[in-house]
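Q: can you look at this prediction? I've put the sequence above it.
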Amino acid sequence: MTSLIQEATRIIVKVGSSLVTNDGRGLDHAAIARWAAQIAALRALGKEVVLVSSGAIAEGMLRLGFEQRPTDIHELQACAAVGQMGLAQIYETSFRAHQIGTAQVLLTHADLADRERYLNARSTLTTLLRLGVVPIINENDTVVTDEIKFGDNDTLGALVANLIEADALIILTDQRGLFSADPRKDPAATLITNGRAGDPALEAMAGGAGSSLGRGGMLTKILAAKRAAKSGAHTVIAFGREAEVLTRLACGEEIGTELAAQTGQLTARKQWMADHLHTAGQVVLDAGAVQKLSKEGKSLLPIGVSDVRGEFGRGAVITCVGEDGQPVARGLSNYTSAEARRIMRKPSSEIEAILGFVEGQELIHRDNLVLL
Ligand SMILES: Nc1ncnc2c1ncn2[C@@H]1O[C@H](COP(=O)(O)OP(=O)(O)O)[C@@H](O)[C@H]1O
Ligand SMILES: N[C@@H](CCC(=O)OP(=O)(O)O)C(=O)O
């Protein structure tokens, strides 16, 4: 057996707040220097690495003298802004010791939900990698409010894996991996060494954050593995303080919990649709249309649509739901919501007579459709 990381050439490494800030005592210079040295070694093996680092809020709290995590969102945002300076500085210094440049990239959900900004983020990141720079990513906490937050950097790491079609996501945390139950609460819990990304049994084992510093806990890591697998990326969850963890994984050693992606890589366009946490609107499909999409691999025709919800433009990503409200697929709409309302339940041969033009026989073409 070899680790899933050995073959990977493009890797996202995510480090959690408690690791980066030495459990809230301040930036752990020695640990960060060790990860930088390991990432330099990975690059020498020909691998491209993107780092997603948490810790801005935890570091900002310390610098501003907050003993408890503030509940006021603007105080949290202030902490993030202050702490991010420390993160940028320490990563820049640590990588410079290996003659490697770093770049600060702060992203919000809105950046990845918008086609143009998504493509810009993707091009910037791939350009940085081509130029030999290690991008250091965090959520742009100062500009987000709750509804548009990724919420945790595990999700952000997975979305970045989707964005640049990474082969692997390594989540470094303060436990040796996923245990059969939260080891802080159940001392008899055992380490799960491998599994299938997306296996619902894993979600049942994973609990919330064990400390007040981390946001997501183990559940967001398991869900991140599921999301990363949608673009074919494998996930490893491992202890960030384990000696030489990244280089040993790259040499094939199995460490922590390996969650293998079962699916191959989707096309970039399909990934973009699968990555959408929020979509512009919804169309409700009758049972026949659900069958055509999910079982027969067909396009969505207007005749199979029984309702159109929300307002959207041509080319928007919309969600297809069954009459029971269950999401079935996502895709790019050929018609605006107003046009879709006029042609729903109608055969495609009538589109021209109703609208005066035809953008396509389908409301969503199969090529622009991804099943959920
Ligand atoms: N089944 C589980 N296995 C391992 N850890 C778990 C599990 N369920 C909950 N946890 C908790 O998740 C914590 C890690 O998540 P979190 O605190 O968000 O870390 P990070 O800052 O690295 O993202 C662990 O310290 C642990 O207490
Ligand atoms: N953007 C936040 C990240 C919060 C977060 O996701 O933390 P963690 O669960 O430790 O990865 C910060 O830098 O503090």
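A: Okay, I see it. Residues are numbered from 1 along each chain as shown. Ligands and ions are numbered 1, 2, ... in the order given.
Q: list the contacts for residue 247?
A: 38, 41-42 (CB atoms under 8 Å, 6 or more residues apart in numbering). Quick note: C-beta positions are derived from backbone N, CA and C, even for glycine.
Q: in a strand, it, correct?
A: No: the assignment for residue 247 (DSSP: H, G, I helix; E, B strand; the rest coil) gives helix, which keeps it out of a strand.
Q: distance of it from residue 40?
A: Distance from residue 247 to residue 40, counting by CB to CB, to the nearest Å: 10 Å.
Q: what do you get for residue 81?
A: Distance from residue 81 to residue 40, counting by CB to CB: 29 Å.
Q: what does residue 270 give?
A: Distance, residue 270 to residue 40, by CB to CB: 34 Å.
Q: same check, this time on residue 192
A: In terms of CB to CB, residue 192 sits 30 Å off from residue 40.
Q: where does the stretch 1-150 of the chain dip in pLDDT?
A: 1-2, 115-116, 147-148 (pLDDT under 70).
Q: switch to 90 and redo it
A: Residues of the stretch 1-150 of the chain meeting the criterion pLDDT under 90: 1-4, 23-24, 73, 109-123, 143-150.
Q: kindly report the residues of it close to ligand 2.
A: Contacts of the stretch 1-150 of the chain with ligand 2, taken as CB under 6 Å from any ligand atom, map to 16-17, 54-58, 80, 138-139, 141.
Q: would you map the strands across the protein?
A: All strands of the chain, identified by DSSP state E, fall at 10-15, 48-53, 102-107, 134-139, 168-173, 194-196, 234-239, 257-260, 281-285, 305-309, 317-321, 327-332, 369-371.
Q: quick check: chain neighbours aside, which residue is closest to residue 244?
A: Distances taken as CB to CB, 6 or more residues apart in numbering put residue 38 closest to residue 244, at 6.5 Å, once the chain neighbours are dropped.
Q: any idea of the pLDDT on residue 276?
A: pLDDT, residue 276: 69.
Q: got it, and residue 315?
A: Note on residue 315: pLDDT of 76.
Q: what do you get for residue 308?
A: Reported pLDDT for residue 308: 98.
Q: that one against residue 342, yeah?
A: No: between residue 308 and residue 342 there is no contact under CB atoms under 8 Å: 9.4 Å.
Q: neighbour count winner among these two?
A: residue 308 (25 against 15; other CB atoms under 10 Å).
Q: any idea how far residue 176 is from the spatially closest residue to residue 256 that is not a sequence neighbour?
A: For residue 256, ignoring the flanking residues on the chain, the nearest one in space by CB to CB, 6+ apart is residue 238 at 3.0 Å. For residue 238, the distance to residue 176 equals 7 Å [CB to CB].
Q: need the contact list for residue 205.
A: 178-181, 192, 218.
Q: out of those, who's nearest ligand 2?
A: Nearest to ligand 2 among the contacts of residue 205: residue 218, at 10.3 Å, using CB to the nearest ligand atom.
Q: now the closest one, nearest residue through space, not along the chain?
A: Excluding the flanking residues, the one nearest residue 218 by CB to CB, 6+ apart is residue 206, at 3.7 Å.
Q: now do the domain split for this structure, please.
A: 10-270, 279-371 (automatic domain parsing).
Q: now the shortest one, how far from the chain's geometric center?
A: Read that as domain 279-371. With CA atoms, centre = their mean, to the nearest Å as the basis, domain 279-371 stands 27 Å off its chain's centre.
Q: same question, the first one
A: For domain 10-270, the distance between its averaged C-alpha position and the chain's averaged C-alpha position is 10 Å (CA atoms, centre = their mean).
Q: stretch 6-22 now?
A: Distance of stretch 6-22 from the chain centroid (CA atoms, centre = their mean) equals 13 Å.
Q: what about it, how long is it end to end?
A: 29 Å (CA to CA, to the nearest Å).
Q: cool, stretch 327-337 as well?
A: 18 Å.
Q: stretch 69-77 too?
A: 11 Å.
Q: what's near enough to touch residue 170?
A: Applying CB under 8 Å, 6+ apart, we find residue 170 in contact with 5, 11-14, 235-236, 238, 246, 249.
Q: repeat that for residue 63.
A: By CB under 8 Å, 6+ apart, the contact list for residue 63 reads 79, 82-83, 86.
Q: relative to residue 226, which of the residues you listed is nearest.
A: Residue 226 lies nearest to residue 83 out of the contacts of residue 63, by CB to CB, at 29.0 Å.
Q: okay, now the closest one: neighbour count?
A: As a burial measure, residue 83 scores 27 neighbours (other CB under 10 Å).
Q: which residues does it contact?
A: 55-63.
Q: hmm, which of those residues are the buried ones?
A: 55-62 (16 or more other CB atoms under 10 Å).
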